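Colleague: Provided below are the primary sequence and the corresponding predicted coordinates.
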Amino acid sequence: MSKLLVEHEDATFLMRVARPSMINYGIDDGDLIVVDRAKIPHSGNIVVAVVDGEYTVKALYQTNDELMLKAGNPDYPNIVPRQGQILEIWGVVTSCIKRFS
């Protein structure tokens with residue numbers, strides 16, 4: 001079962017989503033996401049990023065001269081890093097696990 005969700009065992013983590021900022025991508029508040037830190041992030045991937053020390057889950061969009069983290073909910077802003085802002089792409093989201101009661 002774990003081989004379906006985990007490609008790089010030593011670099012894969014589970015994180016619980018804390019806000020509904022990605023509902024249009026099927027990721028809801030309280031879901032578990034599988035995050036692979038060994039994958040190279042590409043434009044269009046859903047990623048976990050650290051912006052000024054805070055974790056966020058967003059879709060990565062990158063052109064030659066601009067990077068944007070796109071929210072999957074119109075109630076949440078997209079993030080375009082400002083000059084001097086610290087942004088790190090922490091890992092690529094590979095799966096979302098939902099739990100039904």
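Modeller: Structure's in. What do you need?
Colleague: those helices in the protein, which residues are they?
Modeller: Using DSSP state H, the helices found in the chain span residues 2-5.
Colleague: ok, the longest strand along it: who's next to it in the sheet?
Modeller: Ranked by number of residues, the top strand in the chain under DSSP state E is strand 87-97. Note on strand 87-97: by DSSP bridges, its sheet partners are strand 32-36 (antiparallel), strand 46-51 (antiparallel).
Colleague: Go through stretch 67-81 and flag the buried ones.
Modeller: Neighbour counts over stretch 67-81 (16 or more other CB atoms under 10 Å) mark 68-72, 76, 79 as buried. Heads up, the C-betas are built off the backbone N, CA and C, glycines and all.
Colleague: Now flag whichever of those is closest to residue 85.
Modeller: Within the buried residues of stretch 67-81, the smallest distance to residue 85 is 8.9 Å, found for residue 79 (CB to CB).
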